[in-house]
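Trainee: Got a predicted structure plus its sequence, pasted below:
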Amino acid sequence: MKLKKIMAFVLTMIMVLSLAACSGDNGSEGSSTDSGTSNDSNDSSSSDSSSSDASASSNVELTIAIWDTNQEPGLTQIVNDFTEKTGVKAKIQVTPWDQYWTMLEAGATGGSLPDVFWMHSNEIARYSEYEMLLDLTDRIESSDVLDMSKFPQEIVEIYNWEGTKQYAIPKDIDTIALWYNKTMFDEVGLDYPDESWTWDTFRDTAEKLTKDDGSQYGFGLRPSNNQAGWYNAVYDMGGYIISDDKKSSGYDQPGTIEAIEFFASMSKDGLMPPYEVLAENEEHALFEAGKVAMITAGSWMLAELCNNEYVIENGDIAVLPKDADSNRRASIYNGLGWVAAENTDHPEEAWALIEYFGSEEAQQKQSDLGIVISAYEGTVENWTAAYPDFNLQAYLDMMDDLVIRPYSKTTVRWENMANDKMILAWTGDKTAEEVCLEIADEMNALLAEE
Amino acid sequence: MAKQAKLKGTNRARSEFIWGWLFILPTMLGLFALNIIPIFQTIYQSFFKAGAFGRGNVFVGLDNYKRMFADESVWQALFNTFKYAVVEVPFSIAIALVLAVLLNRHMRGRSLYRTIYFLPMVAAPAAVAMVWRWLYNSEFGLLNHLLNTLGFDSVNWISNPNTTFVWIAVVGIWSVIGYNMVLFLAGLQEIPQDYYEAAMIDGASAVKQFFNITVPLISPMMFFVSVTRIIAAMQVFDVIYMMMDRNNPAFFKTQSLVYLFYRYSFVESDRGYGSAIVMLLLLVIMIITVIQIRMQKKWVNYN
C-alpha cells in the first residue's frame, strides 16, 4: 500500500515536472541535430565554392520556405525554370504566417534554417543583428544579372543592415485597394466607387448599403488589419505610425486619432458587422459570403478573392478613397525579400536561386503569372491581365502615393500591443483618443528599449 | 563458507543493481535530456532578458518576476486556467465514470460503443479544435444554424467573454472522456464480482451498489485520473490556440497561462518573461498536486 502511494507520488511529480520541460526545446537538442546534418556539407561546399555556375552540383536539393499557399503553384513554375537552367533542385515548403516565424525562430536557434526563405520588414532586424542570414553584399556587386537600382529603394533599405550589409533581394511589392460588391451597389442604385471618392463618400455609401435586419453591412474591417486597413487612412489624414527616425510613436498625432476614430465609429454605429462576427471571421470570408459590401484588401489577396466563385460573379476593385482635406490617397506598401540562411550547406546554390528570383526574367514571370506585383521596375504591365475579370489596374494606380509599412527593430511587439488595444476602440469600450494615447505611451516605451 | 555465501550475495545484489539500472536507463536518459535539464534551463532563463535565437542574454535578476506580479494579464490568465479546469475536470470524470459503468455490463455492441467514445482521443487535437471552431462560428456555424431553425437566437459561443471558457471546456471534455473511460473500465474490471452478488442478495439497488461498492473501490483510479486531469487541464493550450485569436473580444478572459507563455516565448521572443510565467504555472500545479496527495487519505480507499 505504501509502495503504491510512493509510486503514485513519483508518477505525478514526473507529470508535473514534464510541463516545465516544454519550454526547453530551444536549448541543447536543436544544436545536436544540426551537427548531424552538417557532416555532408564540408565536401560539397568545398567543391563548388570556386565555380559560379552551380551546374556541377546536380544532386543538391534546396529547401525554400514561404508562408502563402496561394503563391505556391506560381513559384513552383519559376523554381522549375531555375532547375532546368542550373540542375539544382529546390523544394517549396509552405508554413502558414502564424507558425512561419515560430518555425524560423526555432530553426535559427537550432541552426537548421531552410536554405532560402521569405523575409518580412517586421522580422528582418533580429535576423540581421544576429547574423542569421547570408550576407549578399559582395555577391550582388559582382553579379551581372542583378541590378539593385531597378528595385524600389525603400524596399531595398528594409533589408539593409545599418548601411553596410544587404541581406535580401526584393521579391515583390504590395498595395491596397477597395473591393466592392457590384450586386449590392446595383440593388440600391448607387454608383460604383471611383477616384472621386473621399472617405466621407465611403462612409455615406456604407450607411446606405447596411440593412437593418443585420443580413448585410456596408463595410468590414478588423482592428488587427492595420496594413490593409486603417494604416492607409492614418497617412491620408495627416497622421503617422512611427517617426522617420523610428524613435517615437505617431499614435498621439491628431491625424492618427482622426483615422482610428473614423473606423471605430463605423464599427460602433453598426456599419460593420457586430464585433463578435468580425472577430470570428476574416474580412475576405465575410465578403465572399455576401455579408459585407466593401472591404479593403492587399494585392496579396488576389489569388484568394479572384478565384472565389461568388466574388467572380459580384465583386470588383477600385482605388482606396482619399481624404477630402489633404486630397491624399496613400497606400501602405511593403515588399518581401528573398534571403538565404547564413549557415546553409549550399551557399552557392542558394545564392544562384536568389539571384535568379531577382532577375528580370523571373520577376517578369512572377507578374505575368499574376502571383504578385513584382518589385522589378517595368515588369508589372502584364500583371493586370492575370485576372481579366477584375480591375487590377486599381492596385497599380495606388502606387502613385506609396508609404512604406511602418517598422522598427521590434515591430511585432508594438504592433501586437496596438492591435490588442485597438479592439476596445472597435467595441466602443474606450474612445479612439484614449486608445491611441495609451498605445503611444507604451509604444514609446518599447521604442526606447530598442 | 559463510564468508563465501555473503560474497555471492553481494555479487548477485550488485548484478541485480546494475541490470535494474540498465533497464531503466533509456527512460532515465529521456527524462534527463527532455525534462530535467530543460527545467533547469528554464529556471535559469527566467532570470534573463532574452536576446533573439538564444543568444545575447542579459542577466536581469528578478525583473521578470517583478514584471509578472504587476501584470494583470498573467493573473487573469491564471484565473482563466482555473475556470477551465473547474469545468473540465469534474465533468470529464463524472461522465466518463458513468459511461464506464454502463459499458462494463454485458450488452450488445459493447466494443462498438467503447470504440466510439474513445475515438475523439485518437483524432489530432488541432483537427478537433478546427472542427469545433466551425461548429461554434456565430455566423456560419452549424450550432447556430440549428438554433435558428428551431426559432432561437444565435449564440456567440466563442466570442462572449463571460461564457466562452465553458464552451472551450466542452471541447476538452468531449476529447478526453474516452481516455478517462478506458482507465475507469480497467479499474472496474479489478472489482470482484462477489461484492455485487452479495449486495444483490441483501437487496441493494443499482444506485446503492454504485455509490457503496463501485465508487469506493475505484477511488484509487479516480485519484490517479483526477491528478493527471488537473495537471493536463492547467496546461490547456491547443484548443485555445486553435479556436481563438487575438481579435476575439473573449480572448483576454479565455487565454490560459500556457498560451501566454507561448505568446511571450515564441511569438514575441521574450523568452525570459515566458520562462517566468511557466515557473508560476509549475509552482501552482505543484501546490495543487501536493494538496491532492495529502487529501487522498480522506477519500481514497486502497483496500
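Mentor: Done, it's in.
Trainee: domains of chain B?
Mentor: According to automatic domain parsing, chain B comprises the domains B:2-45, B:66-299.
Trainee: what about these, which gets the closest to A:Tyr395?
Mentor: domain B:66-299 (25.4 Å; Cβ to Cβ). For glycine as for every other residue, the C-beta is placed from the backbone atoms N, C-alpha and C.
Trainee: near chain A at all, that closest one?
Mentor: Yes - counting by Cβ under 8 Å from any Cβ of the partner chain, chain A is contacted by domain B:66-299 at B:137-140, B:156, B:158-160, B:220, B:223-224, B:227-228, B:231, B:235, B:245-249, B:261, B:265-271, B:274-275, B:278-279, B:281-282, B:285-286, B:289, B:293, B:296.
Trainee: re the thing from before, output the domains of chain B as TSV; include the columns mean pLDDT.
Mentor: Shown next, in TSV, are the domains of chain B (pLDDT from 0 to 100):
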stretch	mean pLDDT
domain B:2-45	84
domain B:66-299	91
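Trainee: Check the ones you listed for me and report the most buried one.
Mentor: For the domains of chain B, average neighbour numbers computed from mean count of other Cβ atoms under 10 Å in any protein chain shown are highest in domain B:66-299, which has a mean of 18.
Trainee: which SS class is B:Val236?
Mentor: The assignment at B:Val236 comes out as coil when based on DSSP: H, G, I helix; E, B strand; the rest coil.
Trainee: So it is in contact with B:Lys83, correct?
Mentor: No - contact criterion Cβ atoms under 8 Å: B:Val236 and B:Lys83 do not qualify, at 10.4 Å.
Trainee: Am I right that A:Asp213 is in a strand?
Mentor: No - remark: A:Asp213 does not belong to a strand; assigned using three-state DSSP, it is coil.
Trainee: how near is it to A:Gly270?
Mentor: Per Cβ to Cβ, to the nearest Å, A:Asp213 is found 12 Å from A:Gly270.
Trainee: which residue packs closest to B:Arg55, ignoring adjacent ones?
Mentor: A:Tyr130 (6.0 Å; Cβ to Cβ, 6 or more residues apart in numbering or on different chains).
Trainee: Give me the pLDDT value at that neighbour.
Mentor: Looking at A:Tyr130, its pLDDT reads 87.
Trainee: before we move on, back to that, okay if I get the domains of chain B as TSV plus distance to A:Asp397?
Mentor: Compiled in TSV, those are given as follows (distance: least, Cβ to Cβ, whole Å):
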stretch	distance to A:Asp397
domain B:2-45	50
domain B:66-299	30
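Trainee: residues in contact with stretch A:363-377?
Mentor: A:71, A:74-75, A:77-78, A:81, A:150-152, A:155, A:170-175, A:299-300, A:302-303, A:335, A:357-358, A:360, A:379-383, A:385-387, A:395-396 (Cβ atoms under 8 Å, 6 or more residues apart in numbering or on different chains).
Trainee: do the same with stretch A:325-333
Mentor: The contact list for stretch A:325-333 (Cβ under 8 Å, 6+ apart) reads A:173-177, A:227-228, A:231-232, A:235-238, A:319-323, A:398-405.
Trainee: can you give me the strands in the stretch 1-150 of chain B?
Mentor: Listed in chain order, the strands of the stretch 1-150 of chain B (DSSP state E, counting those that start in this stretch) span B:48-49, B:58-59.
Trainee: before we move on, the earlier item: out of the domains of chain B, which is closest to A:Glu162?
Mentor: Closest approach to A:Glu162 among those is made by domain B:66-299 (20.6 Å; Cβ to Cβ).
Trainee: gap between the two ends of that closest one?
Mentor: 39 Å (Cα to Cα, to the nearest Å).
Trainee: Now find how far off-centre that domain is within its chain.
Mentor: Counting by Cα atoms, centre = their mean, to the nearest Å, domain B:66-299 is centred 7 Å from the centre of its parent chain.
Trainee: Of all the residues in the stretch 51-200 of chain A, which one is nearest chain B?
Mentor: A:Arg126 (4.2 Å; Cβ to the nearest Cβ).
Trainee: Any idea which of the domains of chain B gets closest to A:Thr137?
Mentor: domain B:66-299 (26.1 Å).
Trainee: Domain-wise, how is chain A divided?
Mentor: Domain ranges of chain A: A:3-174+A:334-376, A:176-333+A:407-449, per automatic domain parsing.
Trainee: re earlier: go through the strands of the stretch 1-150 of chain B and pick out the most buried.
Mentor: Neighbour counts (mean count of other Cβ under 10 Å) averaged over each of those peak at strand B:48-49, with a mean of 18.
Trainee: From the contact counts, what lies against that one?
Mentor: strand B:58-59, helix B:63-69, helix B:271-299 (3 or more Cβ pairs under 8 Å, 6 or more residues apart in numbering or on different chains; DSSP states H and E).
Trainee: closest one to A:Glu415 among the ones you listed?
Mentor: A:Glu415 sits nearest to helix B:271-299 of all these, at 17.7 Å, using Cβ to Cβ.
Trainee: Which other helices and strands does that closest one contact?
Mentor: Identification of packing neighbours for helix B:271-299 by 3+ Cβ pairs under 8 Å, 6+ apart yields helix A:2-21, helix B:37-45, strand B:48-49, helix B:63-69, helix B:72-103, helix B:215-234, helix B:257-262.
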